[in-house]
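Asks: Need coordinates for the below:
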Amino acid sequence: MKQMKDTTDELLGSTPVQRKKSNTPRSTAPRPGNKRKKFNKPGAKINNKTKPTQGRVVKTTTSPRPAKQNQRTKRAPARKPMAKPMTTKPIIMGSNKGKLRIIPLGGCEEVGRNMTVFEYENDIVILDMGMGFPEEDMPGIDYVIPNTAYLKGKEKNIKAVIFSHGHLDHIGAAPILLEKLGYPLVIGRPLTLSMIKHKMEDYKKGSAQKLKSLVIKDLKNTFKLGKLTSKFFQMEHSIMDAVGVILETPVNTVIHPGDWTLERDKNNKPILDYSHLAKIKGPTTLMLESLGSIDVRPSASQDKMKNNIVKLITEAPGRVIIGTFSSQIERVGWIIEQAEKLGKKVALDGYSMKMNVELAKEHGYIKAKPHTFIKVDQINNYPDNKLVIIATGSQGEGNAVLSRLIAGDHRHIQIKKSDTIVLSSSIIPGNENTIQRLKDGLYRQCDNIIHGELMDIHVSGHGNRYDIEHMIKTIKPDYYMPVYAYHYMLKESRKLALGVGMKDRNIFVPDNGSVIEADKKGVFMTKHKVPTDYIFVDGLGIGDVSHVVLRDRKMMADDGMVVVIATVARKSGKLVSSPDIISRGFIYMKENKELVESMRSKIKKIVNDANKTQIATDDSFIKNKLRNDLGQFIFQKTERRPMVLPVVIEV
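Replies: Coordinates of the predicted model:
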């Protein structure tokens, strides 16, 4: 093997790269000394703001929902427990002398947001920086990234960030987190690094120039990263340049395949042999992605999938529209190759699809001739049976191509009855309802819809139960840690390890933030947890949307909002004019005039009663009364609990 000396000191120097303070992504962490409220605690207020408006003073507050009394309760949808509030206080875990710490900052208890910290004494190596997609109870959130609070103050200890492959759940958070951590050294295969650089430029122009990288040119490359040594091995996944990672330390060797699958031959034998991993110097810990631990279906072979897709493209009476992940570059490249052989033109649609294919062409993974490709606005210049359109949106994403086709919002493509639409992708857990609506929309407009429930047109990039058993039996690790899946999937993977003879005390099922330590005595799960709260990305804001903000968004989405504007005399506290009421998402006021007038009368009574107490000039008292009493009144009338936002104007 080609041995390399410690590369990080040469590239990074003795001091970490300093970041500009103004560009630092904001964190959801409370300031030191402030106590953060729990997510489900009612009554949170927005700080009162006072500003002059033409001689008047305007003050606003938000309102909690009034307490329910003798009402029918709505069953809340089941969801995973909220992460514990994040803290910026140092995490004291005792001495790290002679110990390897393995800390998943994401990727456990969820699908996506994959990121793991490996810390031996004062040297840190990070594997992947993935993003997670928002859940249904995260309205307005674009995506979620890992929390790096544990690494604060340790930036200079980060020897490298290794990226296993180029899927977004492994590189999606890289532009933000690399900047936040001072642009540490990154290691990856050529296509993976190119995709990261492209995402960095999309995030911030010129940021890719700050990236310091080492390219894994050969799987025999060995990199010395402080007291850790990284080696690599070939992995099968649904994207080119995927690699497995071996991290050697003085006390334990970690084997991490990243995302993986097992392609089998006609005799159902795995094509790749991983038995050489069983010969690695121990003790070894296998960290295995376990998304397929509940999948009992036999995996479709690549040959069968390819034969089916070729048949569909060849026999289609009109256009072929193939929806798939833009990151399925290997499959997309193969489809382009087959279309070229059949004399058909290929149109790519979707920004990420075009970008990924262009990067694959630059690295020589896609070798189609230039005349094979046409622009989407040129499809009407060719016969329908000579067209293959490869598009994004197989998960029903709102702005992706397939969703725009269903809505009729695409500028150049309209679905025809004669089209053949192929959904060549699996269902990401949590997207079942969205994909069901996608299929319904497509079936309404086209007669030829092909998906995985009808034909083998997709091969999963994740190993199933039998593959997991095979990997454990082949690699023969001393310790086993299932990762990169929901908790119940990790537990199922644990059962599989027990079933092939591993001892229960040598199997660890981590949560996000768990701290697993290895020393010369063995491996054990500690009681410590590091912060792993969600960091929400909403537009240009990073970490400035807290759980309290999400609660308010869900409240308004559930029952709407009522704004009450009361203009009172500053000295007497009496109403100067009839109160104004604004409803958004609660009722349509023109059709509910009787309710509106009863609310207006209630508001007058509340303000007048407050005036009788001789503290009417205290606008905070008036607002609290309006918020609570009017909220209760509205619930009694409608059994709804809109957010009540009182605005008191003093004149």
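
Asks: who's the most centrally placed residue in the chain bridged to?
Replies: Residue closest to the average C-alpha location in the chain (CA atoms, centre = their mean): Gly132, at 0.9 Å. Taking DSSP bridges as the rule, Gly132 bridges to Val144.

Asks: so it touches Gly106, yeah?
Replies: Yes: Gly132 is within contact range of Gly106, at 6.9 Å (criterion: CB atoms under 8 Å). Every C-beta, even on glycine, is put in place using the N, C-alpha and C of the backbone.

Asks: ok so, going back, now do the same for the residue nearest to the centre of the chain: its pLDDT.
Replies: At Gly132, the pLDDT value in this model is 83.

Asks: contacting residues for it?
Replies: Each residue near Gly132 by CB atoms under 8 Å, 6 or more residues apart in numbering is listed here: Gly106, Glu110, Val111, Gly112, Arg113, Tyr143, Val144, Ile145, Asp169, Tyr534.

Asks: so Ile336, which of the three states?
Replies: Put simply, Ile336 is helix when judged by DSSP: H, G, I helix; E, B strand; the rest coil.

Asks: Would you confirm that it contacts Ile366?
Replies: Yes: the criterion here is CB under 8 Å, and Ile336 meets it with Ile366 at 6.2 Å.

Asks: Now the common contact residues for these two.
Replies: Val357.

Asks: what is in contact with Gly132 and Gly106 at once?
Replies: Listed as contacting both Gly132 and Gly106 by CB under 8 Å, 6+ apart are Gly112, Arg113.

Asks: Ramachandran angles for Ile415?
Replies: Note on Ile415: backbone dihedrals following degrees, to the nearest 10 are phi -60, psi 140.

Asks: contacting residues around it?
Replies: By CB under 8 Å, 6+ apart, the contact set of Ile415 is Ile321, Leu405, Ile406, Ile421, Leu442, Gln445, Cys446.

Asks: mind checking how far it is from Leu219?
Replies: Using CB to CB, to the nearest Å, one gets 44 Å for the distance from Ile415 to Leu219.

Asks: Next: Arg411.
Replies: From Arg411 to Leu219 the distance is 45 Å (CB to CB).

Asks: Most neighbours of all the contacts of Gly132, which one?
Replies: Arg113 (31 neighbours; other CB atoms under 10 Å).

Asks: where does that residue land on pLDDT?
Replies: Listed pLDDT for Arg113 reads 90.

Asks: quick one: it and Asp128 touch, right?
Replies: No: counting by CB under 8 Å, Asp128 is not a contact partner of Arg113; they are 9.5 Å apart.

Asks: Need the residues touching each of these two.
Replies: In contact with both Arg113 and Asp128: Gly107, using CB under 8 Å, 6+ apart.

Asks: which regions of the protein sit below the pLDDT cut-off?
Replies: Within the chain, the set of residues satisfying pLDDT under 70 comprises 1-92, 136-140, 299-300, 428-430, 539-548, 550, 553, 611-618.

Asks: In contact with Tyr588, which residues?
Replies: Taking CB under 8 Å, 6+ apart as the definition, Tyr588 has no contacts.

Asks: do the same with the one 10 residues further on
Replies: Applying CB under 8 Å, 6+ apart to Ser598 gives the contacts Lys637.

Asks: Please identify the helix or strand for it.
Replies: Per DSSP states H and E: Ser598 is located in helix 593-612.

Asks: and if you look at Val515?
Replies: strand 514-519.

Asks: what does that strand rub up against?
Replies: By CB under 8 Å, 6+ apart, the surrounding residues in contact with strand 514-519 are 93, 98-104, 108, 249, 251-252, 283, 285, 479, 481, 508, 510, 523-526, 528-530.

Asks: hmm, back to that, kindly indicate which of the contacts of Ile415 lies nearest Ser213.
Replies: Ile321 (37.0 Å; CB to CB).

Asks: Which residue ranges make up the domains of this protein?
Replies: As given by automatic domain parsing, the domain ranges for the chain are 51-69+544-650, 92-296+461-530, 302-450.

Asks: Can I get those in JSON lines including distance to Asp538?
Replies: JSON lines is the format used below for the domains of the chain (distance: least, CB to CB, whole Å):
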{"stretch": "domain 51-69+544-650", "distance to Asp538": "5"}
{"stretch": "domain 92-296+461-530", "distance to Asp538": "5"}
{"stretch": "domain 302-450", "distance to Asp538": "15"}
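
Asks: Let me know which of those is tucked in deepest.
Replies: Mean neighbours per residue, mean count of other CB atoms under 10 Å, is largest over the domains of the chain for domain 92-296+461-530, with a mean of 20.

Asks: List the contacts of Tyr143.
Replies: Met131, Gly132, Phe133, Pro134, Gly172, Val537.

Asks: The fifth one and Leu178, how far apart?
Replies: Separation of Gly172 from Leu178 (CB to CB): 12 Å.

Asks: list residues touching both of those two?
Replies: By the contact definition CB under 8 Å, 6+ apart, Gly172 and Leu178 are jointly contacted by Met129.

Asks: List the contacts of Pro270.
Replies: With CB under 8 Å, 6+ apart, Pro270 has these contacts: Leu262, Glu263, Arg264, His470.

Asks: Can you say which two of these are spatially most distant?
Replies: Glu263 and His470 (12.2 Å).

Asks: And the strands in the stretch 301-450 of the chain, which stretches?
Replies: 320-323, 345-349, 373-374, 387-391, 420-423, 448-450 (DSSP state E, counting those that start in this stretch).

Asks: State the distance from Ile171 to Ala160.
Replies: From Ile171 across to Ala160, the span is 15 Å (CB to CB).

Asks: Just give the nearest non-adjacent residue to Lys197, would you?
Replies: Ala208 (4.2 Å; CB to CB, 6 or more residues apart in numbering).

Asks: Which of the three states applies to that neighbour?
Replies: helix.

Asks: Can you give me the distance of it to Ala566?
Replies: 54 Å.

Asks: picking that back up, I'd like the contacts of Tyr143 laid out as TSV, including distance to Asp123.
Replies: Below are those laid out as TSV (distance: CB to CB, whole Å):
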residue	distance to Asp123
Met131	26
Gly132	27
Phe133	32
Pro134	34
Gly172	26
Val537	30
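
Asks: Would you check which pair of those lies furthest apart?
Replies: For the contacts of Tyr143, the farthest-apart pair by CB to CB is Pro134 and Gly172; their separation is 12.5 Å.

Asks: What's the separation between Val568 and Pro579?
Replies: Noted for Val568: a distance of 10 Å to Pro579, by CB to CB.

Asks: actually Thr192, not the one I typed
Replies: Distance, Thr192 to Pro579, by CB to CB: 60 Å.

Asks: now Gly441
Replies: Going from Gly441 to Pro579 by CB to CB gives 45 Å.

Asks: What of Glu594?
Replies: Taken as CB to CB, the span from Glu594 to Pro579 is 17 Å.

Asks: and if you look at Lys345?
Replies: Applying CB to CB to Lys345 and Pro579 gives a distance of 65 Å.

Asks: now swap in Leu105 and tell me
Replies: 50 Å.

Asks: And stretch 343-353, how far out from the chain middle?
Replies: Stretch 343-353 sits 26 Å away from the centroid of its parent chain (CA atoms, centre = their mean, to the nearest Å).
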